[in-house]
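>>> Next one to model:
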Amino acid sequence: MLRYFTIVLFFLSTFFVSAQSQDLSDYYVAGIGFYNLENLFDTNDDEDVKDEEFTPNGAKAWDTDIYNQKLTDLATVIYGLGTEQTPDGLACLGVSEIENEKVLLDLVAQPELASRNYKIIHYDSPDTRGIDVAFLYQPDYFTPTSSKSIPVALDGSPTRDVLLVSGVFDGEKMHFIVNHWSSRRGGENVSGHKRIKGAQLCKGIIDSLSALDSNAKIVIMGDLNDGPKNESVKNHLGAKGKKKDVSRGDLYNPMFMYYMTGVGSLAHRDSWNIFDQIILSSGLVYGRPDGYKYYKTRIENSTKLVQKLGKYRGYPRRTFSGDNYQGGFSDHFPVYVYIVKPVK
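Predicted coordinates:
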């Protein structure tokens, strides 16, 4: 059943891309994405965080060979994202589950990505496992003017900070907010209030940016550990799933269409979820006629990223199942959007 279900989902995902297709010869096209890299750790034991399992002598026997293979695999995936519409691939990419700046430097230095000249914005956050979010960008498209890491106020174990990056994207001011909200450990009912806190913080950032510019172009991205209809996303962030319902000042969640058809970015117990989301301000939906606007959305669930055999057949090809090395890419699919503007 799962194998058949996956084939149907792939068809639907492809349909959504095709249904929105149009002649783009008179437009500049740029891609913006997000990818949970599933525990991209180096092999060193950092005394300040709980990373012992990702060392050569740890539970996962995480050695240099496995680490280098992971880097190669991720670089291959990232290189291909968005190339069906733009040969430069993604202009900007938010990432999560990375240990530190070193692993990002190693990633962008891979032969597949070196020509893209990706630059990195990263801050260490207080997560006890040492995993952070970060932002990669091609300087030919984006010039950052400011960035900051904003903590989520939680009782108990700290979580990942929210990363805000502002700058100029091909001549237009644009803001990116990268999130990795608290996990569902203990169950949705036990942990849901933590993700609501993340949503409230994110909404506060958006409101502050919008107060300065009512047409601000804001891209909210991340592994939210909640779906488009969960309280955190729908009510506290206020992201709307249908473009016709989006007024100026609202947020539009283009991932909602995938959610409604059962297409997901990760799977658990034979059920698909869409926790990896890209949400847009109305400035990117109803922007100036000569500026960038939202065009379409993609979940990258191509065949090479799908597990073919075993317990997780049909799921994203993961790196680990427990402590057992699976040799895959990530337990999440990448997601991305295209934005376009007319050629003058």
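>>> all helices for the protein, in order.
Under the criterion DSSP state H, the chain carries helices at the ranges 2-19, 64-80, 101-108, 111-114, 188-212, 231, 256-261.
>>> among those, which is nearest K311?
Each of the helices of the chain was checked against K311 via CB to CB, and the shortest separation belongs to helix 2-19, namely 10.3 Å. Heads up, the C-betas are built off the backbone N, CA and C, glycines and all.
>>> I'd like the average pLDDT over the closest one.
Taken as a whole, helix 2-19 has an average pLDDT of 37.
>>> Ok, stretch 281-296 next?
Stretch 281-296 shows an average pLDDT of 93 in the prediction.
>>> Just give the number of residues close to the nearest residue to R317 once chain neighbours are set aside.
Excluding its sequence neighbours, the residue lying closest to R317 (CB to CB, 6 or more residues apart in numbering) is G328, at 3.1 Å. Summarising burial for G328: neighbours were counted as other CB atoms under 10 Å, giving 21.
>>> Then E97?
Using other CB under 10 Å, E97 is surrounded by 22 other residues.
>>> Could you list which residues are in contact with it?
If you count contacts by CB atoms under 8 Å, 6 or more residues apart in numbering, E97 has them with 36-40, 131, 180, 223.
>>> so where's the stretch 1-150 of the chain uncertain?
In the predicted model, the stretch 1-150 of the chain carries pLDDT under 70 at residues 1-22.
>>> distance of the residue nearest to R317 from V103?
Note on G328: its distance to V103, by CB to CB, to the nearest Å, is 17 Å.
>>> Out of the contacts of E97, which sit inside strands?
Restricting the contacts of E97 to those inside strands, with DSSP state E as the criterion, leaves 36-40, 180, 223.
>>> mind giving me a markdown table with these and columns for distance to D51 and neighbour count?
Shown next, in a markdown table, are these (distance: CB to CB, whole Å; neighbours: other CB atoms under 10 Å):
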| residue | distance to D51 | neighbour count |
| --- | --- | --- |
| N36 | 17 | 27 |
| L37 | 15 | 26 |
| E38 | 14 | 21 |
| N39 | 9 | 21 |
| L40 | 11 | 25 |
| H180 | 16 | 30 |
| D223 | 19 | 26 |
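>>> and those residues as a markdown table, adding distance to Y258?
Formatted as a markdown table, the entries for the ones in strands among the contacts of E97 read as follows, by distance: CB to CB, whole Å:
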| residue | distance to Y258 |
| --- | --- |
| N36 | 16 |
| L37 | 21 |
| E38 | 20 |
| N39 | 25 |
| L40 | 25 |
| H180 | 20 |
| D223 | 15 |
